[in-house]
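K.L.:
Need a 3D model of the sequence below.
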Amino acid sequence: MTSVLKIKDLHVAVEGTPILKGVNLEIRQGEIHALMGPNGSGKSTLAYALAGHPKYEVTSGSIHLDDVDILELDPNERARLGMFLAFQYPVTIPGVKVADFLRHAVSNIRNPDRKEGEPLIPMREYRKELKGTMAGLGMDVEFARRYLNEGFSGGEKKRMEILQLAMLKPKFAFLDETDSGLDSDAVKVVSEGLNKLSGPEMGILIITHHERLLEFNVPQFTHVMLAGRIVETGDASLAQELHANGYKMVRERHPEAAAEEKEELETV
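P.N.:
Numbers count the residues shown, from 1 in each chain. You can find the predicted model right below:
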């Protein structure tokens with residue numbers, strides 16, 4: 001059965017300040033969605049709220065993965081259900097090797113009832129899968145022997161997240177400006193990696209300002225966010241319009257949201 005992620009009338013505040021003001025969105029496995037909007041519109045807030053970051057307080061609304069209310073779950077429980085967030089700025093964990101980190105993560109995801117101290121996925125099985133996955137992504141196996149993100153370039157950090165995505169095989173992946181700060185070659189590598197992983201088993205939400213990531217991963221649905229709400233939804237042509245013309249025409253089509261956006265900027 002195809003899983004569905006349903007976000008209904010979602011309101012989220014950060015340190016008491018309302019950011020999301022009634023977001024409605026539905027994503028099915030196998031679909032690629034693009035979420036676009038100017039800085040401060042609430043795109044990253046939505047991603048972090050979906051992942052369960054404690055800083056982002058859901059004040060009303062609901063998020064369901066099939067019939068499960070995920071607002072009742074902490075981040076690791078959401079991950080075990082099949083949700084994955086690729087961060088805009090991935091964290092560094094000195095002293096923890098990529099291979100060891102992934103083995104623990106894969107073991108916990110594939111065995112949701114696993115307790116601390118219980119056996120991990122068998123090493124021989126894990127090594128074979130990891131090497132095969134890295135080969136498929138065009139990654140050198142030496143990458144897995146390095147400490148997680150320590151000394152990594154921006155492109156390497158993003159490739160690391162694509163490797164996590166490939167190994168964890170989530171139902172839904174949220175990519176928060178994965179192309180941010182990358183040069184053209186790095187964006188191409190990340191885009192091609194994501195393209196190899198997309199398919200009927202994974203729903204993808206790509207949060208981006210740019211068209212480069214969408215060249216290899218053409219969205220069936222493009223959503224535009226202004227002032228904490230999704231004000232418009234279209235297909236890939238809407239993303240192309242935004243890349244060509246910016247958000248001027250969207251603001252003209254949605255004057256109330258544009259006025260609210262302007263008011264918020266003036267109070268910052």
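
K.L.:
which ones are touching the closest residue to Met83 other than its chain neighbours?
P.N.:
Distances taken as C-beta to C-beta, 6 or more residues apart in numbering put Phe172 closest to Met83, at 5.3 Å, once the chain neighbours are dropped. Yep, even glycine has a C-beta here, placed from its N, CA and C like the rest. Listed by C-beta atoms under 8 Å, 6 or more residues apart in numbering, the contact partners of Phe172 are Ser3, Leu5, Ile27, Gln29, Leu65, Gly82, Met83, Phe84, Met202, Gly203, Ile204, Leu205.

K.L.:
Rebuild those residues as TSV, extending it with secondary structure and pLDDT.
P.N.:
TSV is the format used below for these (DSSP: H, G, I helix; E, B strand; the rest coil; pLDDT from 0 to 100):
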residue	secondary structure	pLDDT
Ser3	coil	96
Leu5	strand	98
Ile27	strand	98
Gln29	coil	97
Leu65	strand	97
Gly82	coil	94
Met83	strand	96
Phe84	strand	95
Met202	strand	95
Gly203	strand	96
Ile204	strand	96
Leu205	strand	96
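
K.L.:
any idea where the helices of the stretch 51-200 of the chain begin and end?
P.N.:
Assigned by DSSP state H, counting those that start in this stretch, the helices in the stretch 51-200 of the chain fall at 75-81, 98-110, 123-136, 154-168, 184-197.

K.L.:
least reliable of those going by mean pLDDT?
P.N.:
Among the helices of the stretch 51-200 of the chain, helix 184-197 has the lowest mean pLDDT, at a mean of 83.

K.L.:
if we can go back for a sec, what's the most buried one of the helices of the stretch 51-200 of the chain?
P.N.:
Most buried of these by mean neighbour count (mean count of other C-beta atoms under 10 Å) is helix 154-168; its value is a mean of 20.

K.L.:
just to revisit the earlier point, from the contacts of Phe172, which two are the most distant?
P.N.:
Farthest pair in the contacts of Phe172 (C-beta to C-beta) is Leu65 and Ile204. Separation: 14.8 Å.
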